[in-house]
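S.K.: Structure of the sequence below:
(2 chains)
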Amino acid sequence: MAAVAAWLPFARAAAIGWVPIAANPMPAPPLQERQKGEDEKLGINVSGRRFETWRNTLEKYPDTLLGSPERDFFYDDETKEYFFDRDPDIFRHILNFYRTGKLHYPKSECISAYDEELAFFGIMPDIIGDCCYEDYKDRKRENAERLMDDQVSEAGDTVQPMTLREKMWRAFEDPHTSTLALVFYYVTGFFIAVSVMANVVETVPCGPKPGKTENLPCGERYALAFFCLDTACVMIFTAEYLLRLFAAPNRCLFMRSVMSIIDVVAILPYYIGLGITDNDDVSGAFVTLRVFRVFRIFKFSRHSQGLRILGYTLKSCASELGFLLFSLTMAIIIFATVMFYAEKNVASTKFTSIPAAFWYTIVTMTTLGYGDMVPDTWAGKIVGGICSLSGVLVIALPVPVIVSNFSRIYHQNQRADKRKAQKQARLARIRIAKNASGAHFINKKKKEQDREDKIKQGIDIEEEPKDSRFESQHHHLLRCLENTTGPDLHARYIKDREFVEMEYTYNGLAAPKAQSSPPTPSPSQSSQGNPVESSCCSRRRGKYQFARSVSDTGQELNDIQIAVPNKTSSKTHLNASEPPKINSTNTTVTTSAIITTPTPGTTSDTEESMMTVSTTTSPGNSNIVRISTL
Amino acid sequence: MDFDGPDLYENEIDDLEMQVMRYKPEGIDELVRNTKFTKKELQIMYRGFKQECPTGLVNEDAFKEIYAQFFPQGDSSAYAHYVFNVFDADHNGTISFEEFVIGLSVLSRGSLNEKLMWAFKLYDINGDGYITKEEMLDIVKAIYDMMGKYADPPISENAPGDHVERVFQKMDKNRDGVVTIDEFMETCKNDENITKSMSVFDTIL
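M.R.: Here you go, the predicted model:
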């Protein structure tokens, strides 16, 4: 919040826009105590750590902060050095860049902190040296992925009114969104299992039909039962597919996706089987079609994340798998050829041709060793030995790559799930803290108003709490806003508009404490156009806290104030009971800057100061509330 | 949940890297000449500015966020939008440090005339030299929005409308439905409360 304090004078200045249309005049501002070569070596003080370098070194790169006149903004006349209130550890690397021309990325630093420092000093990250560039890129990519995950899940948390289609799609994609989705998920899973089991059991021999002798597989014995079961499953699958098709946001894309193709392939054989009659010509093809029913088992991949990851891994390791296949093929051909020629002359050999020898080679290289084909000649045996040894090597090489890919993706998924679980706890903690600070703000405001009332009424207070200047100015600004929109003074004496205490929920949806009106949507969280690159000032989101702005002599904002050592009093609301009285006793000291009020004992009106001035011009008129309203 | 994998992110990251922008202001001496601030004040302001926005530019979203920090209960984005447009002198969608400081110089050190000019520019949304009732209604609604819905007593639905009516009654002397710069200046200068209130924001930098 300290940095936002730099913008407070700006917010106050912009409040001039309220003045011409204000309903009531503005309260007086809070009183503030007056607070207040050749080549040469330049001293740079970064948060206390001194660096020194030649001017020429810095000016090697004139389009950065340190190399251009922009650094003059940070020059401290008293200590004759440049002061930056930034991280000295990271600054070391930045200064080294000027010295050596190579920018390094320290592995121990957080990537976003490093990026911020680079942005501050005007250095493009692209010039990071080759030695550190890979690491930088990797870290940045991880960070970006994490941010995107957060965004995606955050978007998922928002409660938006969705159309039926969107709701259905969400239910399909993530079964944990509602109980109906969960039920649907389990039902489909059950039916997939039932269907696959039926396919399997169909082929088991069940014993002979009554009245016959041959042993029939169960499928033919209870043909009707299995047919009904199959029909039921296919009905469910068809319904599911059609529902998904309806709910899909992009139908063409959905129809081309792998899962939907699997769905189609799973149910198509049934319909084709219905279509064709029990003809001998096509029954062969029909039988083949039934094989495709086993693809139903792939529908399980919607239900199992591990399966999906496996599938994705295989897809992403396509090149490694291709290499494995290619090298295996090469080795097979070589060994089969040699084997064939070695065993050619043996009588009644099994190695009748090179393709026949392929089988032997494959079985040997994968160390299966069925034993249906064995070499007889000693040359063949030697070759066989070499074959099995090399087989182990060739297969073992690409496997670790595939395994590590799988592991990386799997762990990423684990991390995402873990992060979501931790998020809930984090949010709860943040909510508590935010409530505390929101209530804290309102309390402070009330306290200060009470304090000023007491001053006016002459009640002595023990000691003045050292209120931060930032806070008092902020409160004054808010009171001005209240005055702008307040009702006419001479119309009715009611409480002016006041800020009411509110509770904050996590998303900034303000929920009033004891009001029945529904909460308004929060001040539109500015949508960040740049999800990855933290947009300028986006990090100011977060807890709304008050902190005394850094009161460093160099950093404090000077105010040009014509201070008048009188107490200022202002009150935001009129008491319903007492009508405004005019003070006609004491004089006021008005300067061109501040309008102050006289000593306590006078009426407690905000506009008292204004009114006192007007009374001097027309004395004796005791009910002048000459606050001209617009 | 469909698992897209990291390939999706790669392209987006590459695109975003191209968009890093930077901006450097003119020299401090020139700014001292163009504004009513001293060198020291400019130093202090720039440090705060750059701390908040390392790239040296404030875009509208960031501006709205900053403004919202000061008005937690209400919705200050509308008013922030109008203020942003007045500050953004060259209408390029971002406020540079020069625009910021020049605007601030007018608002806190300027003469009454300059301040009234600034206020007029704020109300005259489309910049045609006339304030219509609709423009004023927009501004007033934006200001009322900042109070939020939880003010006590609650703000009625037609409070902005009534407010605008009163203002127009006062300012529109020739009853032609628009307020020109002269009518505006005249009205404000003749109103003691306005002239005095203008200087309330003077002193604190």
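S.K.: from here on, contacts and neighbour counts on C-alpha atoms
M.R.: Fine.
S.K.: The residue nearest the centre of chain B: what's it in contact with?
M.R.: Most central in chain B under Cα atoms, centre = their mean is B:Val83, positioned 1.6 Å from the mean C-alpha point. Residues in contact with B:Val83 (Cα atoms under 8 Å, 6 or more residues apart in numbering or on different chains) are A:Ala14, B:Leu122.
S.K.: you'd agree it is in a helix?
M.R.: Yes - membership of B:Val83 in a helix is supported by DSSP: H, G, I helix; E, B strand; the rest coil.
S.K.: pLDDT value on it, please?
M.R.: On the pLDDT scale, B:Val83 is placed at 87.
S.K.: next one: A:Tyr98
M.R.: On the pLDDT scale, A:Tyr98 is placed at 87.
S.K.: Likewise for A:Phe121?
M.R.: Listed pLDDT for A:Phe121 reads 90.
S.K.: residues touching it, list them.
M.R.: Neighbours of A:Phe121 in contact, by Cα under 8 Å, 6+ apart: A:Thr64, A:Leu65, A:Leu66, B:Pro54.
S.K.: Grab the nearest non-local neighbour of the last one.
M.R.: Same thing as B:Pro54. A:Phe120 (4.6 Å; Cα to Cα, 6 or more residues apart in numbering or on different chains).
S.K.: which parts of the stretch 251-400 of chain A sit against chain B?
M.R.: The stretch 251-400 of chain A has residues A:Arg308, A:Ile309, A:Tyr312 near chain B, with proximity defined as Cα under 8 Å from any Cα of the partner chain.
S.K.: go again using 10 Å as the cut-off
M.R.: With Cα under 10 Å from any Cα of the partner chain as the criterion, the stretch 251-400 of chain A comes near chain B at residues A:Arg302, A:His303, A:Gln305, A:Arg308, A:Ile309, A:Tyr312, A:Thr313, A:Ser316.
S.K.: hang on, isn't the third one packed against A:Tyr410?
M.R.: The reference is to A:Gln305. Yes - the criterion here is Cα atoms under 10 Å, and A:Gln305 meets it with A:Tyr410 at 9.4 Å.
S.K.: ok, which stretches of the stretch 1-150 of chain A are helices?
M.R.: Taking DSSP state H, counting those that start in this stretch, the helices of the stretch 1-150 of chain A run over residues A:2-5, A:8-14, A:55-58, A:88-100, A:111-120, A:130-157.
S.K.: Quick check: what element follows the one helix or strand A:Thr288 maps to along the chain?
M.R.: Here A:Thr288, judged by DSSP states H and E, is contained in helix A:280-291. Counting by DSSP H and E, the element after helix A:280-291 in chain order, helix or strand, is helix A:305-316.
S.K.: got any ranges where the chain has weak pLDDT?
M.R.: Unless you meant another one, I'm taking chain A. Within chain A, the segments meeting pLDDT under 70 span A:1-6, A:31-39, A:153-161, A:277-284, A:286, A:437-441, A:452, A:455-456, A:458-469, A:486-630.
S.K.: meant chain B actually
M.R.: Within chain B, the set of residues satisfying pLDDT under 70 comprises B:1-22, B:25, B:51, B:150-153, B:202-205.
S.K.: got the residue ranges for the helices in it?
M.R.: B:7-17, B:28-34, B:39-52, B:60-70, B:77-87, B:97-109, B:112-123, B:133-147, B:159-171, B:181-190, B:192-198 (DSSP state H).
S.K.: which residues are in contact with the second one?
M.R.: Spelled out, that is helix B:28-34. Here helix B:28-34 makes contact (Cα atoms under 10 Å, 6 or more residues apart in numbering or on different chains) with A:69-73, B:25, B:37-43, B:46, B:97-98, B:101-102, B:105.
S.K.: Noted, bye for now.
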